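Q: What follows is a predicted protein model with its sequence.
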2 protein chains.
Amino acid sequence: MIVVTTIEELKRTIRQYRREASEGRIGLVPTMGYLHEGHASLMRRARTECGYAVLSIFVNPLQFGPNEDYDQYPRDAKRDIELAEKNGIDLIFMPSVQEMYPSKPLTSVLVNQVTERLCGASRPGHFDGVGTVVSKLFHLVQPDRAYFGMKDAQQVAVIQRMVYDLNIPVEIVPCDTVREADGLAMSSRNVYLSPEARAQAVVLSQALASAEQWVKEPGITAQQLGERIRQAIAKAPLADIDYAEILEYPDLTVPPADADLSRYPNKLIVALAVKFGKTRLIDNRLLDSMEV
Amino acid sequence: MIVVTTIEELKRTIRQYRREASEGRIGLVPTMGYLHEGHASLMRRARTECGYAVLSIFVNPLQFGPNEDYDQYPRDAKRDIELAEKNGIDLIFMPSVQEMYPSKPLTSVLVNQVTERLCGASRPGHFDGVGTVVSKLFHLVQPDRAYFGMKDAQQVAVIQRMVYDLNIPVEIVPCDTVREADGLAMSSRNVYLSPEARAQAVVLSQALASAEQWVKEPGITAQQLGERIRQAIAKAPLADIDYAEILEYPDLTVPPADADLSRYPNKLIVALAVKFGKTRLIDNRLLDSMEV
């Protein structure tokens, strides 16, 4: 496994692989590091499907708001490198901020509509930063496939739309969310939960599992379903709901207020963002057996 | 020479060239058609420098404002194809609007700062449309080099900045403006000039040539130089000045008001947009022997 920190080394290494294996497929797993089993599942899938598996580790300042946790975002390069090696990664790209943004970028890649709600609404500018950095990584690595976890379902929708609209030659592979034994979605931010909050955080996945049942009740509307979900989450005294929304996926538009969700023709997603103290967790569930 | 209209045929043809000539270079000349000698010079340069020369012809609705000349923009596919063949093009991509935008694109590529003045100011949204379509063409053709005329100097600056910020793997080659015998910069829109306006339109290039002399006068400021240029253009009775600006290039920022331009350390551009009736002409000149 090779670890590179500069764009020049990255390009040279990729070029060499392309020269040696002209039919080989390159897979990219873009991450912000502090890797967990969720990332590991993406790496293993890239390993299985591609001749060359690339992992990028970059905590992208552009996608953090001024009052968010960029400085506190957890980092552990040594452990990340070990985990990448164990999961079959061929090349790690871990650039500095200076390397990725030698000067203030004047260009941004904006995706409208799918960014209007959920994290797009509660984290203004977040997806502009995501679109810009992912587009940079795609241009630098030029992967055939890129792997993203469905825990960040809106991010997957945004990136799929960007790739479609701009004809970026990469196939986006959405991968199932990996969960702890009790159902909590794996996240680098979970380490910041107090033991009490950690125990209560299970309400997110529990509420989503209940939602899957509730939505089968004839006549149920989005407001009714949302209300039940919020009540389920509120049973955790430390939970502070940022949003709990039912939307169409992947367009992330609002279903009509009077629609009977149990007979709704389009794919739906229940998406949650809940704060426990300063730690904001997200989770979601696609209702119906949808393909993403 | 091959002419394709669909993205699928384009990709198949490019893929085949890449397979057959793995070391070959692909050159792209993106145009809106109605080709003239300016375009021909770009095509010949692509032909000389690259193993495979691709011409795109697409009048991009996204870069026209609601009151602009999208519907009236001149088109002549038959003549364009002949001219391309004569100038050594291997592949023409001329898609329909439906092919490029099968649905309303939600993604846009925005470049700040360099788009604030000149045509960015007088044609709001114009460069968002340019950035988006050029980024699509770059992803579809994946050229090693792309050729642009310096008549559209701001467009060159915008695209160079986009490529730099997003790490798009293409080299932008700016090419000298090609002029009629009397100095008028070649443009597809020149056909719309009345004989009288056509005769008067020479004031643009004349004013730019004078500006090159005037800027050598010790102590001259941007305001003084701008005033002289505007007076020179005003001698043409049909000329209606949209803008006449002196800016730094390629950042397109304003030099300090009291700066002595004759001793100015940075590269400067004089950029003009002048209407003759409904026809809007642009032209520019880089002062100093700058590299772009």
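A: Structure's in. What do you need?
Q: Let me know the helix or strand that A:Glu85 is in.
A: helix A:77-86 (DSSP states H and E).
Q: Tell me the helices and strands packed up against that helix.
A: helix A:37-49, strand A:52-57, strand A:91-93 (3 or more C-beta pairs under 8 Å, 6 or more residues apart in numbering or on different chains; DSSP states H and E). For the C-beta atoms, the positions are set from N, CA and C on the backbone; glycine is no exception.
Q: tell me the angle it makes with helix A:37-49.
A: 40 degrees (axes from the mean of the first three to the mean of the last three C-alpha atoms, to 10 degrees).
Q: what's in contact with helix A:77-86?
A: A:Met1, A:Val3, A:Gly33, A:Tyr34, A:Leu35, A:His39, A:Ala40, A:Met43, A:Leu55, A:Ile57, A:Ile92, A:Met94 (C-beta atoms under 8 Å, 6 or more residues apart in numbering or on different chains).
Q: Helix or strand for A:Pro30, just tell me which one.
A: Here A:Pro30 is assigned to strand A:26-31, by DSSP H and E.
Q: What strands line up against that strand, and which way round?
A: According to DSSP bridges, strand A:26-31 forms sheet pairs with strand A:52-57 (parallel), strand A:145-149 (parallel).
Q: between the ones you listed, which one is nearest to B:Lys267?
A: strand A:52-57 (35.8 Å; C-beta to C-beta).
Q: what does the average pLDDT come to for the closest one?
A: The predicted model gives strand A:52-57 an average pLDDT of 98.
Q: What average pLDDT does the strand holding A:Pro30 get?
A: The average pLDDT within strand A:26-31 is 98.
Q: Also stretch A:98-106?
A: Here the average pLDDT along stretch A:98-106 is 96.
Q: Tell me which residues of that stretch come out buried.
A: Buried residues in stretch A:98-106, defined by neighbour count with 16 or more other C-beta atoms under 10 Å in any protein chain shown: A:Met100, A:Tyr101, A:Pro105, A:Leu106.
Q: likewise stretch A:28-45?
A: Buried-residue list, stretch A:28-45, by 16+ other C-beta under 10 Å: A:28-36, A:38-45.
Q: can you give me the helices for chain A?
A: A:7-20, A:37-49, A:77-86, A:97-100, A:119-122, A:126-141, A:153-166, A:195-200, A:203-214, A:222-234 (DSSP state H).
Q: gap between the residue lying closest to A:Tyr147 once chain neighbours are set aside and B:Leu42?
A: In space, and not counting its chain neighbours, A:Tyr147 is closest to A:Leu42: 4.2 Å by C-beta to C-beta, 6 or more residues apart in numbering or on different chains. Computed as C-beta to C-beta, to the nearest Å, the A:Leu42 to B:Leu42 distance reads 43 Å.
Q: Give me the contact status of the helix or strand of chain A with the lowest mean pLDDT with chain B.
A: Ranked by mean pLDDT, DSSP states H and E, the weakest helix or strand in chain A is helix A:119-122, scoring a mean of 92. No. Judged by C-beta under 8 Å from any C-beta of the partner chain, helix A:119-122 and chain B are separated, with a smallest distance of 11.9 Å.
Q: Name the residues of the stretch 1-150 of chain A found near chain B, please.
A: Checking the stretch 1-150 of chain A against chain B by C-beta under 8 Å from any C-beta, the hits are A:7, A:22, A:105-114, A:131-132, A:135-136, A:139-140, A:142.
Q: can you do 6 Å?
A: A:105-113, A:135-136, A:139-140 (C-beta under 6 Å from any C-beta of the partner chain).
Q: list the contacts for the residue in the stretch 151-292 of chain A that chain B sits nearest to?
A: Across the stretch 151-292 of chain A, the shortest distance to chain B (C-beta to the nearest C-beta) belongs to A:Asp165, at 3.7 Å. By C-beta atoms under 6 Å, 6 or more residues apart in numbering or on different chains, the contact set of A:Asp165 is B:Pro105, B:Thr107.
Q: hang on, the earlier thing: nearest to A:Thr177, out of the buried residues of stretch A:98-106: which one, please.
A: Nearest to A:Thr177 among these, with distances taken as C-beta to C-beta, is A:Met100, at 27.2 Å.
Q: and the least confident helix or strand of chain A, which residues are buried?
A: Within helix A:119-122, judged by 16+ other C-beta under 10 Å, the buried ones are A:Cys119, A:Gly120.
Q: One more: stretch A:162-170?
A: Result for stretch A:162-170 [16+ other C-beta under 10 Å]: buried residues A:Met162, A:Val163, A:Asp165, A:Leu166, A:Asn167, A:Ile168, A:Val170.
Q: okay, how far is it across it, tip to tip?
A: 11 Å (C-alpha to C-alpha, to the nearest Å).
Q: roughly how far is it from the heart of the chain?
A: 18 Å (C-alpha atoms, centre = their mean, to the nearest Å).
Q: if you skip the residues just before and after it, what's nearest to the spatially most central residue of chain A?
A: The residue lying closest to the centre of chain A (C-alpha atoms, centre = their mean) is A:Asp152, at 3.0 Å. Leaving aside its sequence neighbours, A:Asp152 sits nearest to A:Ile282 (C-beta to C-beta, 6+ apart; 7.3 Å).
Q: Output the strands paired with strand A:26-31 as TSV; include the columns mean neighbour count.
A: Shown next, in TSV, are the strands paired with strand A:26-31 (neighbours: other C-beta atoms under 10 Å in any protein chain shown):
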stretch	mean neighbour count
strand A:52-57	27
strand A:145-149	22
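Q: ok, which pair from the buried residues of stretch A:162-170 is furthest apart?
A: A:Asp165 and A:Val170 (13.2 Å).
Q: Compute the distance between the closest residue to A:Asp288 other than its chain neighbours and A:Tyr249, please.
A: Distances taken as C-beta to C-beta, 6+ apart put A:Lys267 closest to A:Asp288, at 5.6 Å, once the chain neighbours are dropped. The gap separating A:Lys267 from A:Tyr249 is 5 Å, by C-beta to C-beta.
Q: More neighbours: which of the two?
A: A:Tyr249 (24 against 17; other C-beta atoms under 10 Å in any protein chain shown).
Q: State the pLDDT value of the more buried one.
A: 96.
Q: circling back to that earlier point, pull out the buried residues from the residues of the stretch 1-150 of chain A next to chain B.
A: A:Pro105, A:Leu106, A:Thr107, A:Ser108, A:Val109, A:Leu110, A:Val111, A:Gln113, A:Ser135, A:Lys136, A:His139, A:Leu140.
Q: quick one, domains of chain A?
A: By the assignment in automatic domain parsing, chain A contains the domains A:2-175, A:188-287.
Q: Quick check: which of these is buried the most?
A: domain A:2-175 (a mean of 19; mean count of other C-beta atoms under 10 Å in any protein chain shown).
Q: Could you tell me the end-to-end distance of that one?
A: 25 Å.
Q: any idea how far A:His36 is from chain B?
A: Going from A:His36 to chain B by C-beta to the nearest C-beta, to the nearest Å gives 28 Å.
Q: residues touching the nearest residue to that residue once chain neighbours are set aside, list them.
A: Leaving aside its chain neighbours, A:His36 sits nearest to A:Met186 (4.7 Å; criterion: C-beta to C-beta, 6+ apart). Counting by C-beta under 6 Å, 6+ apart, A:Met186 touches A:His36, A:Glu37, A:Gly38, A:Val178.
Q: Return the closest of these with respect to B:Leu225.
A: Out of those, the member with the shortest distance to B:Leu225 (by C-beta to C-beta) is A:Gly38, at 60.4 Å.
Q: Which residue, neighbours along the chain excluded, lies closest to A:Tyr243?
A: A:Ala273 (5.0 Å).
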